[in-house]
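One predicted model, sequence on top.
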Amino acid sequence: MTVRKYFYCIVAALCFFGVNTAVAQLPRTISYQGVIFDQNAPIIDGDHNIIIKIYTTTGTELYSQTQSVAVVKGQFTVILGSVNPIPSTIKFDAPYLLGIAVDGAAELIPRTPFTSAPYALRAAIADQANSLSSSATGIVTSINELSGPISFQGSGGTTVTKAGNTITVSSNTSNGSASLTLPYLQILPHPATLFSLNNTGLGAAASFKIINDTNTTVALYAESNGKGGAAYFFKPKAGPDAALTVQGGFLTTSPTLLIRNDGTGTATTITNNNPSSYSDAMIISNVGQGKTITATSSALAGTTTSILGQANSVSIGLNTAVGVTGVFGLITSKTPGDFSAGVRGVNNSQNTLGSGVIGYQAGSGSGVYGETPKGVGVYGRSNDSAGVRGESVLGSGVEASYIGAGTGTALTINNGAIKLSGTTKSAFIHRVAAANIINARATEITNPLCDGDPTCFIFITHVLNPNGSTQVQGATAVNYNAARGKWEIFNQNNAAMAPYIGAQFNVLVIKQ
């Protein structure tokens, strides 16, 4: 059996194969016509079963359609895609072959190659547009990642007009050079960033200035009513500037940076979130003569704190100057002048219990520790209260030590007496009573500072004529009674102590 093939392509259909879904209304069908001969004569008229397939040049089957076709004098016509739609994966952008079989017979060979109708050669331009080659002109596939039907619309003072093939976007401004009408207000429920500026050059991405000298508003205002921050500054690369640089003008007397919180949260949180970083979380530099940091707590009630320094590290410091520090004051000059201080505390309170500096140690260390190679480690001054106050539960309230190589002074008192107070004083009055007479000739001292401590120093003096009572006659001395764990005052002439009941002694205890 022989088939004479006549292959016709509808130009509009071929054009469809080379374009996108914008022309999806074009039919994906191909008209095919041929003549069937049986022993060099047309086969009998009537319906015959015909199978038509599309192959690649390597023999891969891409498409198949089986159809009962009316044959008249051997001639027949079929429409490929009318029974079994031609899939969109067949784009007709490469050579294809067509195979045909009639009434169950073997497929005729050779297979017939597809060819183009003369005007269909113009469809090659569609391939060029599809690949967006450098020579393609007049083609727009998308705008700002949007494809399909796109329309331009004006908003605010911006208008869009069309004149033939020309689209004009204009803004109603005074000088005609701006493309954005101010004031500008836009509210959109958009999940992404509404406004973004990227500068790939060397200039700034954005600049906000107020030129009017009488204007009291801010140049840039950021507000967030959600859970995120109102402004975020990020600097991924190293450089001389920080992620946020705030610089005041030379003529201004206002603060360079003003941070205010009218709610109940923290006004400012500055965090160095890299645990491996040795950089400071905040660096403030002042080349003028004013204060570098001024912290003011304006609350009129409550135990307020202007500055709180807190360190949670458990590392061991190298020395007293390099260790875990809550607050660290440093003067770098070797000759700063008189009355300079690493940390200075001033309290204007008239309350006698007020203090300029309070040091508290919850453990067993020092509340306040002052060290200097030359000068005063801790300096305290007060008009009518305590210049330096030290309190300790188990350790030393105030400790003075000399650690030099020579014979220096651990503690110097200039003018004034030493005043002792409290329930357990190191200087106190001991009164002779019948209950504290031991071995007839001694009176026993009871004080937690010296009880059970044979290494401390006990100094005693007579109190002359206390309340009219008789003073102890003769020389007296002190002795530690190891059996009782107490210090006692005794007459060196072994005289009895009973006649001197009511007599008093001044006692001073010094611990080692």
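Noted; the coordinates are in hand.

How is this protein divided into domains?
Domain assignment for the chain, taken from automatic domain parsing, gives 2-131, 427-510.

Select from those domains the stretch with the lowest mean pLDDT.
Per-stretch mean pLDDT for the domains of the chain is lowest at domain 2-131 (a mean of 76).

Nearest to residue 278, out of the domains of the chain?
Residue 278 lies closest to domain 427-510 among the domains of the chain, at 46.2 Å (Cβ to Cβ). In short, each C-beta sits where N, CA and C put it, glycine included.

distance between the closest one and the chain's centre?
68 Å (Cα atoms, centre = their mean, to the nearest Å).

What of stretch 53-67?
Taking Cα atoms, centre = their mean, the mean C-alpha location of stretch 53-67 is offset from the chain mean by 62 Å.

From start to finish, how long is it in a straight line?
11 Å (Cα to Cα, to the nearest Å).

residues making contact with that stretch?
By Cβ atoms under 8 Å, 6 or more residues apart in numbering, the surrounding residues in contact with stretch 53-67 are 49-52, 78, 80-84, 86-87, 89-90, 94-100, 107, 111.

strands paired with the strand or helix carrying residue 62, and their directions?
Element membership for residue 62 (DSSP states H and E) is strand 61-71. In the sheet, strand 61-71 lines up against strand 46-56 (antiparallel) (DSSP bridges).

All the strands of the stretch 151-300 of the chain, in order from the start?
158-163, 166-171 (DSSP state E, counting those that start in this stretch).

Name the residues of the strand holding residue 62 that come out as buried.
Across strand 61-71, burial judged by 16 or more other Cβ atoms under 10 Å covers 63, 65, 67, 71.

hmm, back to that, okay if I get the strands of the stretch 151-300 of the chain as a markdown table plus mean neighbour count?
Below are the strands of the stretch 151-300 of the chain laid out as a markdown table (neighbours: other Cβ atoms under 10 Å):
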| stretch | mean neighbour count |
| --- | --- |
| strand 158-163 | 12 |
| strand 166-171 | 11 |
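
And the ones you listed: which comes nearest residue 338?
Nearest to residue 338, of all the strands of the stretch 151-300 of the chain, is strand 166-171, at 67.0 Å by Cβ to Cβ.

How far away from the center of its chain is the closest one?
Counting by Cα atoms, centre = their mean, strand 166-171 is centred 44 Å from the centre of its parent chain.

tell me the average confidence for that strand?
76.

Show the subsequent helix or strand relative to that strand.
strand 427-431.

Check which helices and strands that following strand sits against.
Counting contacts by 3 or more Cβ pairs under 8 Å, 6 or more residues apart in numbering; DSSP states H and E, strand 427-431 packs against strand 504-510.

picking up where we left off before, now the strands of the stretch 151-300 of the chain in JSON lines, please, with extra columns for distance to residue 339.
Listed next are the strands of the stretch 151-300 of the chain as JSON lines, based on distance: least, Cβ to Cβ, whole Å:
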{"stretch": "strand 158-163", "distance to residue 339": "66"}
{"stretch": "strand 166-171", "distance to residue 339": "65"}
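
quick one: average pLDDT of stretch 392-411?
The average pLDDT within stretch 392-411 is 79.

Over to stretch 189-196?
Per-residue scores along stretch 189-196 average to 82.

For residue 437, what are phi and psi?
Dihedral angles of residue 437 (phi, psi; degrees, to the nearest 10) stand at phi -80, psi 130.

OK, contacts around it?
Counting by Cβ under 8 Å, 6+ apart, residue 437 has contacts 443-444, 497-498, 501.

from these, which ones fall inside strands?
Those of these mapping onto strands are 443-444, per DSSP state E.

Out of the contacts of residue 437, flag the one nearest to residue 424.
residue 444 (17.1 Å).

That closest one and residue 484, how far apart?
Relative to residue 484, residue 444 is positioned 7 Å away (Cβ to Cβ, to the nearest Å).

Between these two, which has more neighbouring residues?
residue 444 (19 against 12; other Cβ atoms under 10 Å).

what bridges to the more buried one?
Bridge pairing for residue 444 - DSSP bridges - gives residue 488.

mind checking how far it is from residue 483?
For residue 444, the distance to residue 483 equals 12 Å [Cβ to Cβ].

now residue 293
62 Å.

the more surrounded of the two?
More crowded of residue 293 and residue 483, by other Cβ under 10 Å: residue 293, with 9 against 5.

Now do the contacts for the more buried one.
The contact partners of residue 293, taken as Cβ under 8 Å, 6+ apart, are 284, 307.

neighbouring contacts of stretch 371-389?
Residues contacting stretch 371-389 (Cβ under 8 Å, 6+ apart): 320-321, 341, 351-358, 368-370, 397-398.

same deal with stretch 297-314?
With contact meaning Cβ under 8 Å, 6+ apart, stretch 297-314 is reached by 293, 295-296, 324-328.

again, only using 6 Å
Identification of contacts with stretch 297-314 by Cβ atoms under 6 Å, 6 or more residues apart in numbering yields 295, 324-327.

and it, how far out from the chain's middle?
23 Å.

Switch the domains of the chain over to TSV; also include distance to residue 420.
Formatted as TSV, the domains of the chain follow (distance: least, Cβ to Cβ, whole Å):
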stretch	distance to residue 420
domain 2-131	99
domain 427-510	5
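
closest one to residue 223 among these?
Nearest to residue 223, of the domains of the chain and by Cβ to Cβ, is domain 2-131 at 43.5 Å.

And that closest one, how far out from the chain middle?
Distance of domain 2-131 from its chain centroid, counting by Cα atoms, centre = their mean, is 66 Å.

where does the stretch 151-300 of the chain dip in pLDDT?
Scanning the stretch 151-300 of the chain with the threshold set as pLDDT under 70 gives 156-157, 171-182.

excluding its backbone neighbours, what's nearest residue 231?
Leaving aside its sequence neighbours, residue 231 sits nearest to residue 222 (Cβ to Cβ, 6 or more residues apart in numbering; 4.2 Å).

ok, the contacts of residue 437 vs residue 362, which is closest?
residue 444 (36.9 Å).

isn't the closest one right next to residue 485, touching?
No - at 10.3 Å, residue 444 does not count as touching residue 485 under the criterion of Cβ atoms under 6 Å.

Quick check: phi and psi on residue 418?
Backbone torsions for residue 418, taken as degrees, to the nearest 10, come to phi -90, psi 120.

and it, how many neighbours does it have?
9.

how far away is it from residue 441?
Distance of residue 418 to residue 441, given as Cβ to Cβ: 32 Å.

Likewise for residue 29?
Plainly put, residue 29 is 137 Å away from residue 441 if you go by Cβ to Cβ.

So for residue 217, what's the nearest residue that isn't a sequence neighbour?
With Cβ to Cβ, 6+ apart as the criterion, residue 217 has its nearest non-adjacent residue at 7.2 Å, and that residue is residue 210.

Does the one you found touch residue 219 like I think?
Yes - Residue 210 is within contact range of residue 219, at 5.0 Å (criterion: Cβ under 6 Å).

the more surrounded of these two?
Between residue 210 and residue 219, counted using other Cβ under 10 Å, the more crowded position is residue 210 (12 against 9).

what about that one, distance to residue 257?
17 Å.

cool, and residue 100?
Applying Cβ to Cβ, the value for residue 100 to residue 257 is 84 Å.

Please identify which of those two sits among more neighbours.
A count of neighbours by other Cβ under 10 Å puts residue 100 above the other of residue 100 and residue 257, at 19 against 10.

what sits opposite residue 32 in the beta ladder?
Counting by DSSP bridges, the residues bridging with residue 32 are residue 7, residue 78.

ok, it to residue 147 distance?
Applying Cβ to Cβ to residue 32 and residue 147 gives a distance of 35 Å.
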